[in-house]
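*Asks:* Just to be clear, the model below is a prediction. Sequence and coordinates:
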Amino acid sequence: MNAGISTNIVRIVVVASVFAAAHSASPRAQSTTRQVELKRPSRSEHLRQWVEAIEWHTAGENDEALGVFDEWRPDDFGNLIIDINTLLALISNPSLRTFSYYQRTVAGRPSLKQVVYSGSDLSLILDIARMVRGRGVLDGTVITPERLAKSRNRLLKRGAILHTDVAIKVLLGNRSRGRSVPDGLQEFTLMLPDGRSQGMAVDVGHWEFARSLLDKVVPAAARDEFVRGWYNATAAYLASLEQLTPAHFTRGFRLFPDDGDLLFFAACLHESLAEPRIQDAIQSASIPSDAKFDVSSRKGELREAENLFRKALKAKPDHLETRIHLGRVLGLRGEHVEAEMLLRKAVADANEPLLQYYARLFLGAEQEALGDRAQARDVYDGATVLYPEAQSPRLALSLLASVEGNHDDALAMMARVLGLRREERNDPWWRYHGSQGRNAPDALAAVYASVSGEDQR
Amino acid sequence: MTRRLAATVLAAWLGAAMAASPQTPTFSSRLEVVRVDVLVTEDGRPVRGLKPSDFDIRDEAVAQTVDIVSFEEIPLNVVLAMDISDSVSGDRLDHLRGASRAVLDRLTKADQAGLVSFNNAVEVRANLTPDTTRVRSALDDVQPSGETALVDGSYAAMVLAQSSGPDVRRGLVIVFTDGADTISWLTPDRVLDASRRTDAVVYGVIVRSRNKPSFLHELSDRTGGGMVEIESTKDLANRFVAILDEFRQRYLVSYTPRGVPAGAWHRLDVRIKGRKAAVKARAGYLAGT
């Protein structure tokens, strides 16, 4: 599947709280579970379809397996969550016959509920469990706990990839999200093209499905490098499309609270949420009462961004991009002296033209704030050399000339670029929010290769 | 409109302006002149026929002697700054083109027009020119896409409108947008600060939305212009023309500052003696560099 970077529509995503908190079934899913038992004994068929799709799907490809959920009804997803738990239990112990799951009560407390399967459902789920247990094992061979763990993890990781790719397909295709989604399994997305709210979309939370599956990796998801790699690659990918998903990091930090990359991406998310265009759009949006977008004030978001960038820098002191972003955020918070110091060092250290450009742009702004126009002019000049078709440093230079009363220079500075047509322009500033995800295709490819490679080992 | 100029630069204009002035000011080569663009209305209608002695101008609360008042004689630099982001398409774009053409239709041969568009990119599509066919042609090329660099675009238009070369002109910028800024590099504060040094007058026209266009409000306020909020673009041509008509009804008042400190922000207070007229002028000017 082409997971390349397309034109962005900023989206803020929130996952329904029931799904995020319980990783289990919602109250409606539970009540309909009994209905399904009487009227639709095919829940095990859905589980089989899901497992088959996992097997058929080639990681990263937009293949037929991604269409597995197209005809599913809302309740089928609720049942699937319960039945995956049953399947995992049976993979570990095929003799189990009683199954339960936790469901949140109205008061928010977890309550243990029994699942009652029909004979045919249980029989099919058992068959699937045996198939998963016996995969790659010769008949009659004793299946070791290590082998079992490997089979279980393979299913979970490949399952997570399937849901990831479905989620990416939805995102890239901007697919209609009008269908009904069961309570507790929704992902609400606020679309914010060009700084205005374009309404709310609701879809099945496939990202959350993937996260929930990875939580079940044994012996511990928090010690699994695939899971860590998945979180970082998908964080980069979501960032590249300006898909602002706080839940991704809330969940990721439960497993990897000190991961430098994850901290960096989370900090970037809060830096973006602080932008006036996002803040204004959220304030003007009509948001249904059951969707709560956890976005703080500009001040609060900048404070959180600074906090996370500092943690990220502690985890990865040499990460140049973190220093650049932290410098910008400090400047926005009025900490110009520290910002200038950080950014000056970043300009000295940056080899990648893009990062050099950002560092110079932000350093210039800080030097202006500190009243050092001559230095600011020098660093902006350097930025124009790196990207001659970029308008931002030219406008900055023009404005410097203007405030010094030199109108002719102000006009000449901007004329060098503003006469170019848009197609001839290349200003990395336009891509700053999202630039941290520029290596996402490579990172995702590594995750795909990792899951495919496990099959060959 | 406010501007400080060396008297030598003013020489060419003075020759024409003095004929209309009852006074004959004299300038030493060191003296500087402040010009203020002033709209005077009573009951919403422009007041015409005012003389220098009718104006009460206070520079830092110090009463000044008005040297020259001109009305309609000074040619214009009109810059149209158009938001061409994604949301400005279909009828809205047609109305915007039509409104821009209506303004061009009403310019005199002495006036100049320019066109700046902005989405992510700010483009000077037509530099200031008396040849309005070039601006019309540039209007036809506009295709909407992308985000809204309102602050960058407004700044560029302001600088362009101010460029007058050796002849003195009055700069009018009409900024049209249907949304808030989403992508500018320049910050509102820096551009508002720069606006203190320009003599261009900015009028904002915005399609009403839930987002408050505070930057454009402030910019038009600081430059002595105005803000028009509309529900629909259907009547945009009339709105644009009304702005141009109003701008032509303004006085250009000149005085040589006396008894006020140099090298800082000068607060201006402009009133009309003996009348309860409404006066619109910029709040002040920056002296020195």
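*Replies:* Good, I have the coordinates. Residues are numbered from 1 along each chain as shown, chains lettered A, B, ... in the order given.
*Asks:* C-alpha only now, for contacts and for neighbours.
*Replies:* Noted.
*Asks:* Can you list the helices and strands that the helix or strand hosting residue A:160 packs against?
*Replies:* For residue A:160, the element it lies in under DSSP states H and E is helix A:145-173. Using 3 or more CA pairs under 8 Å, 6 or more residues apart in numbering or on different chains; DSSP states H and E as the contact criterion, the neighbours of helix A:145-173 among helices and strands are helix A:43-56, helix A:74-92, helix A:119-134, helix A:206-215, helix A:440-456.
*Asks:* What residues sit buried inside it?
*Replies:* Buried positions in helix A:145-173, judged by neighbour count with 16 or more other CA atoms under 10 Å in any protein chain shown: A:147-169, A:172.
*Asks:* Contact residues of the stretch 251-400 of chain A facing chain B?
*Replies:* For the stretch 251-400 of chain A, the residues in contact with chain B under the definition CA under 8 Å from any CA of the partner chain are A:276, A:277, A:280, A:281, A:284, A:391, A:392, A:395, A:396, A:399.
*Asks:* still on that earlier bit, of all the helices and strands packed on helix A:145-173, which lies closest to chain B?
*Replies:* Among those, the nearest to chain B by CA to the nearest CA is helix A:440-456 (22.9 Å).
*Asks:* buried set for the closest one?
*Replies:* If you call a residue buried by 16+ other CA under 10 Å, then helix A:440-456 has these buried ones: A:440, A:441, A:443, A:444, A:446, A:447, A:448, A:451.
*Asks:* Next: stretch B:84-93.
*Replies:* Taking 16+ other CA under 10 Å as the basis for neighbour counts, the residues of stretch B:84-93 that come out buried are B:84, B:85, B:87, B:88, B:92, B:93.
*Asks:* Residues touching that stretch, excluding its own?
*Replies:* Contacts with stretch B:84-93, where a contact means CA atoms under 8 Å, 6 or more residues apart in numbering or on different chains, come from A:194, B:117-120, B:142-148, B:178, B:233-234.
*Asks:* Ok, stretch B:153-164 next?
*Replies:* Residues from elsewhere that reach stretch B:153-164 (CA under 8 Å, 6+ apart): A:395, A:407-408, A:410-411, A:414, B:77-81, B:114, B:116-118, B:122, B:127-128, B:170-173, B:175, B:191, B:195, B:198-200, B:202.
*Asks:* What subset of those residues is buried?
*Replies:* Neighbour-count burial (16+ other CA under 10 Å) is assigned, among these, to A:395, A:407-408, A:410-411, A:414, B:77-81, B:114, B:116-118, B:122, B:127-128, B:170-173, B:175, B:191, B:195, B:198-200, B:202.
*Asks:* Spatially central, which residue of chain B would that be?
*Replies:* Centroid-nearest residue in chain B, with CA atoms, centre = their mean: residue B:201, separated by 1.7 Å.
*Asks:* Which residues are in contact with that residue?
*Replies:* Contacts for residue B:201 were tallied using CA under 8 Å, 6+ apart; they are B:1, B:171, B:172, B:173, B:220, B:223, B:224, B:225.
*Asks:* Just to be sure, which of these are found in strands?
*Replies:* Taking DSSP state E as the definition of strands, the contacts of residue B:201 contribute B:171, B:172, B:173.
*Asks:* for whichever helix or strand residue A:385 is part of, which positions count as buried?
*Replies:* Secondary structure assignment for residue A:385, by DSSP H and E: helix A:373-386. Within helix A:373-386, the residues that qualify as buried by neighbour count (16+ other CA under 10 Å) are A:373, A:376, A:377, A:379, A:380, A:381, A:382, A:383, A:384.
*Asks:* again with stretch A:217-226
*Replies:* In terms of neighbour count (16+ other CA under 10 Å), stretch A:217-226 has its buried residues at A:217, A:218, A:221, A:222, A:226.
*Asks:* How about the contacts made by the last one?
*Replies:* The contact partners of residue A:226, taken as CA under 8 Å, 6+ apart, are A:447, A:450.
*Asks:* ok, now the third one?
*Replies:* When contacts are counted by CA under 8 Å, 6+ apart, residue A:221 is found next to A:214, A:215, A:227, A:255.
*Asks:* likewise the first one?
*Replies:* By CA under 8 Å, 6+ apart, the contact list for residue A:217 reads A:152, A:153, A:156, A:157, A:224.
*Asks:* if we go to 6 Å?
*Replies:* Contacts here follow CA atoms under 6 Å, 6 or more residues apart in numbering or on different chains; on that basis residue A:217 touches residue A:153.
*Asks:* So it, which state does it fall into?
*Replies:* Three states are possible here, and by DSSP: H, G, I helix; E, B strand; the rest coil the one that applies to residue A:217 is coil.
*Asks:* go on, the last one?
*Replies:* Following three-state DSSP, the label given to residue A:226 is helix.
*Asks:* Please confirm that residue A:393 is located within a helix.
*Replies:* Yes - Residue A:393 forms part of a helix when assessed by three-state DSSP.
*Asks:* That one and residue A:381 touch, don't they?
*Replies:* No - shown here, residue A:393 and residue A:381 do not form a contact pair, counting by CA atoms under 6 Å, at 7.3 Å.
*Asks:* I am finished for the moment; much appreciated.
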